[in-house]
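[1] pasting a predicted model and its sequence here:
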Amino acid sequence: MEFIGDALLSTAIGFLFDKLASSDLIKYAREENVYTELKKWEKELLRIRQELNDAEEKQTTQAAVKSWPVDLRDLAYDMEDILDEFAYEAMRRNPMAQEAEAGRSRVLKLIFSCSTSLSPAHVLRNAKMVPKIREITGRLQDISARKTGLGLEKMTGAAAASAMQWSPPTTSVAYEPWVYGRDEDKKVILDLLGKVEPYENNFCVISIVGMGGVGKTTLARLVYNDEMAANNFDLRAWVCVSDVFDVENITKAMLNSVASSESGAWRDFQQVQAKLTEKLGGKRFLLILDDVWNEDYCKWCSLRPPFSAGAKGSKVIVTTGNRGVALMMGAEKNVYELKPLCEDACWSVFEQHAFEHIDMKDHPNLVSIGRKIVGKCGGLPLAAKALGGLLRSKQREDEWERVLNRKFWDLSSPECEILPALQLSYHYLPSCLKRCFAYCAILPRDYETTIFVNCCQDHFFNHHDNLESNGQSTISKGTRHSSFIRGKFDAFKKFESFQDLKLLRTFVALPMHCTFTKSYVTSMVCDRLVSRFPRLRVLSLNEYMIFELPGSVGELKHLRYLNLSFAQIKLLPDSVTNLYYLETLILSSCENLTSLPSKIGNLIKLQRLSVDGCSLQDMPQQICKLKNLQTLSDFIVGKCGSLGIKELKDLLHLQGEICISKLENVVDVQDAREANLKTKLNIRKLSMIWSEELAGLRDEDTEMEILLSLQPHTNLKELSIEYYGGQNFPNWMCDPCYSKLVVLTLTGCIIGISLRSVGQLPLLKKLVMKRMDRVKSVGLEFEGQVSLHAKPFQCLESLFFEDMKEWEECCWSAESFSCLRQLEIKNCPRLIKKFPTHLTSLVKLNIENCPEMMVPLPTH
């Protein structure tokens, strides 16, 4: 998918240019020879960026241009590596002094906080940076000189944007005698056209939103040409906007549609707009703005003034692939999400184009292959139409099989119109998402993952190769990103082709779809191979049974992402704390891991630390120095003298999910207050755990005070409390202010004979209670006060009770559990009360080992 690499190159050059123009770099560049060299970088990059868009357009059609962006992309990688190496050296000399700088520019702003006895020039000499910088300067000047002979034009602003217009403009007229699967969609839009709400201005906006190729334009055309639209609107106009939102041209196009004379008679935009206002005055109009991508509110404000002159009930239909565009244009009450076609309708589209001149009865094998092709279209009528059109002149099975086994992006634009649609959608992704999108190229088809999101927001992408598990594959020495399929037993022979990949930035093991869950790899991969990748940024050896990690891993100074999940290591080497750029460290299910490195505070850029499923006894003291930490799976409270719970106060950016365990080690309630969980508004899932084996060593009053002090923010969605030993739960647990809480789990809590009124939590959908040994009654106090406005458990859908040894009765009001769909009661031997019969929404009931319980069928 060549155009993806091209877009990334534009982003990369802009990123480097911004760094070189930073004020901190200017200060630094005045030292010795660095100023001269880096000013050359800035000057040449500026020249190159002006002509880069043209080069990216021409490289697909002109062989002479093709190698130039490739060489430039390689150079961009090397430039970033040099700048990162310099910043790393600055951090290495005094990492802890960099804490205040952690949120600043990740490359050059770290330079000046080094020891005053070390000038930047001295650091450069020690790191042998000067020769590397001069070598880059030479390559950059060479690349800049080469472009002179390529005939590249400078493209900026609208000129660069207009180069993205690959498809011809849409119109209201099209040969579409058959449109399948859109009758209901058309009816909905026509109903919206007929509505005139009291709150409306003279016109209102209706938006059809959907992914590229789903049929937004076709639906808008069906509505535009419908008899109802023709009869109910005095004027109609269709404008294909596409990616360039030129207010003047759009206004002229509208005027051309509604005026008998051409808008060219009025050259001035003000005259054109005034004439359009006159033509629309007092008339009910329907305007289609097709394929809008503009999110600039000011441009929309400049376009819409003439619309207010129309009669009440006028409509503007906007088709767009971006919901944000619809909301910006004021369509929040009339956004219609267009869904993909069902497979039968998609087949009808394909059949119409592929078999128009072929009798399907004579080609049953082609029909079978065609069905499989349609299954890959994802319900997109554009894909079905394009592939059907591609195959309409082909009647050999091998030709159809070839299309079936090809990816859409392998089809050239003349063959297939899917590529322009995908390209335009890709063009409007934010830069960070373009990088993520490109990164997915190293993953196999249909592979689902959530990894690398943080990593791929900051770095460039290039070629990749997938090493299949069944043999060797030739890999280019210029490869930057690579994945491979993990086998059951992987010997070093499998990795021999990687040995010369000194430019490699990504090395990722992917799972094989098979029954085994554990994989074994030779220790030579960690000991010898990985150390040959000095530029590595992403290393994932997930689910390999690795027993020892060599100290050489600390030499991977560029590393951002390290995943060692399920490894059998007992300790991490101390050298891991030399990975100053590390942002993500995943150690999930490393069940033998008992401690983290004491100097973990050196990892000042760390944002995610996952240690769930490990055997950690406590947290290192320096964990609180990780000021950028956003995700911390577990926080183990240490005993007196170890890291206490109050240190959570310094982790200001925590979000997502966190488990706080060994809460019995909190002896001072003030420490729990200082943790200040109530201010951590982005924590969505919280688990609070006391150790199960405390037996008679409980201080019930202290535990009650601690849980009271650990009140989380009201944004919480899931809460789990385990082995709590207080007599009662705090009031905040049943406070209706927790309006986002949907899951509550209580396990092994040694509370009194009754429960708090958690029934008042307004959006609670799932409640689980296990091993609550002292609870004898789950009654009305469990529900809370019943009123017309606050029915107990009004949204609860799933309720689970398990191992409640002393539970004897349940007494629930008729107003409770109105939405309950699933109820499970297991191992409650003393429960003797008759089962309630008012659970009218119940669809699944499971009762196990409750011998005394009477279970009549619920009445409906």
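    Nice, thanks for sending it over.
[2] run a quick neighbour tally on the nearest residue to Cys526 once chain neighbours are set aside.
    The shortest distance from Cys526 to any residue other than its chain neighbours is 5.5 Å, reached at Pro550 (C-beta to C-beta, 6 or more residues apart in numbering). For every residue, glycine as well, the C-beta is placed using N, CA and C. By the criterion of other C-beta atoms under 10 Å, Pro550 has 15 neighbours.
[3] and Pro550, how far from Val576?
    11 Å (C-beta to C-beta, to the nearest Å).
[4] packing partners for the lengthiest helix in the chain?
    Longest helix of the chain, by residue count under DSSP state H: helix 63-93. Packing partners of helix 63-93 (3 or more C-beta pairs under 8 Å, 6 or more residues apart in numbering; DSSP states H and E): helix 2-20, helix 34-58, helix 120-127, helix 129-146.
[5] quick one: it to helix 34-58, angle?
    Here helix 63-93 runs at an angle of 140 degrees relative to helix 34-58 (axes from the mean of the first three to the mean of the last three C-alpha atoms, to 10 degrees).
[6] ok, back up a step: could you tell me the least trusted of the helices and strands packed on helix 63-93?
    Lowest mean pLDDT within the helices and strands packed on helix 63-93: helix 120-127, a mean of 47.
[7] quick one on the thing from earlier: could you list the buried residues of the longest helix of the chain?
    Buried residues in helix 63-93, counted by 16 or more other C-beta atoms under 10 Å: 65, 68-69, 72-91, 93.
[8] just stretch 603-622 next, same as before
    Neighbour count says stretch 603-622 has 603-612, 614, 616, 618-622 buried, by 16+ other C-beta under 10 Å.
[9] what is the end-to-end distance of that stretch?
    Stretch 603-622 has an end-to-end distance of 10 Å (C-alpha to C-alpha, to the nearest Å).
[10] now swap in stretch 277-287 and tell me
    Start-to-end, stretch 277-287 (C-alpha to C-alpha) is 14 Å.
[11] how far away from the center of its chain is that stretch?
    Centroid displacement of stretch 277-287 relative to its chain, using C-alpha atoms, centre = their mean, to the nearest Å, is 43 Å.
[12] report the rounded mean pLDDT for that stretch.
    In this model, stretch 277-287 has a mean pLDDT of 92.
[13] then stretch 744-754?
    80.
[14] what of stretch 194-214?
    85.
[15] ok, stretch 483-495 next?
    For stretch 483-495, mean pLDDT is 87.
[16] quick check: Ala345 is in a strand.
    No - read with DSSP: H, G, I helix; E, B strand; the rest coil, Ala345 is helix and lies in no strand.
[17] quick check: it touching Val179?
    No - judged on C-beta atoms under 8 Å, Ala345 makes no contact with Val179 at a distance of 9.4 Å.
[18] from the chain's centroid, how far away is stretch 332-341?
    With C-alpha atoms, centre = their mean, you get 22 Å for stretch 332-341.
[19] what sits against Phe547?
    Applying C-beta atoms under 8 Å, 6 or more residues apart in numbering, we find Phe547 in contact with Ser523, Ala567, Gln568, Ile569.
[20] would you quantify the distance from the nearest residue to Gly313 once chain neighbours are set aside to Ala311?
    Spatial nearest neighbour of Gly313, chain neighbours left out: Val196 (4.6 Å); criterion: C-beta to C-beta, 6+ apart. Look at Val196 and Ala311: by C-beta to C-beta, they are 10 Å apart.
[21] higher neighbour count, those two?
    More crowded of Val196 and Ala311, by other C-beta under 10 Å: Ala311, with 16 against 12.
[22] check contacts around the more buried one.
    Per C-beta under 8 Å, 6+ apart, neighbours of Ala311: Asn202, Asp234, Gly282, Lys283, Arg284, Phe285.
[23] what of Trp347?
    Per C-beta under 8 Å, 6+ apart, neighbours of Trp347: Gly370, Arg371, Val374, Ala384.
[24] list phi and psi for the last one.
    Dihedral angles phi and psi of Ala384 (degrees, to the nearest 10) take the values phi -60, psi -40.
[25] that one: neighbour count?
    Neighbours around Ala384, by other C-beta under 10 Å: 30.
[26] my guess is it meets Glu343, correct?
    No - taking C-beta under 8 Å as the definition, Ala384 is not a contact partner of Glu343, at 9.9 Å.
[27] between those two, which contacts overlap?
    In contact with both Ala384 and Glu343: Val374, using C-beta under 8 Å, 6+ apart.
[28] need phi/psi at Asn592.
    Per-residue torsions, Asn592: phi -90, psi -10 (degrees, to the nearest 10).
[29] I figured it hits Lys570, correct?
    Yes - here Asn592 lies in contact with Lys570, judged by C-beta under 8 Å, at a distance of 4.9 Å.
[30] in whichever strand or helix holds Leu746, what's buried?
    Counting by DSSP states H and E, the element that carries Leu746 is strand 743-747. Neighbour-count burial for strand 743-747, counted by 16+ other C-beta under 10 Å, picks out Val743, Leu744, Thr745, Leu746, Thr747.
[31] could you point out the helix or strand that follows it?
    strand 766-770.
[32] who touches that following strand?
    Here strand 766-770 has contacts from 742-748, 755, 758, 775, 793, 796-804, using C-beta under 8 Å, 6+ apart.
[33] which stretches in the stretch 201-350 of the chain count as strands?
    203-209, 235-242, 285-292, 314-320, 335-337 (DSSP state E, counting those that start in this stretch).
[34] can you redo the ones you listed as CSV with distance to Leu219 and mean neighbour count?
    Listed next are the strands of the stretch 201-350 of the chain as CSV, based on distance: least, C-beta to C-beta, whole Å; neighbours: other C-beta atoms under 10 Å:
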stretch, distance to Leu219, mean neighbour count
strand 203-209, 6, 24
strand 235-242, 13, 21
strand 285-292, 11, 25
strand 314-320, 8, 26
strand 335-337, 9, 16
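[35] okay if I get those strands as JSON lines plus distance to Lys299?
    Below are the strands of the stretch 201-350 of the chain laid out as JSON lines (distance: least, C-beta to C-beta, whole Å):
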{"stretch": "strand 203-209", "distance to Lys299": "15"}
{"stretch": "strand 235-242", "distance to Lys299": "11"}
{"stretch": "strand 285-292", "distance to Lys299": "10"}
{"stretch": "strand 314-320", "distance to Lys299": "13"}
{"stretch": "strand 335-337", "distance to Lys299": "20"}
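[36] of all those, which lies closest to Val666?
    Across the strands of the stretch 201-350 of the chain, Val666 has its closest neighbour in strand 335-337 (48.4 Å, C-beta to C-beta).
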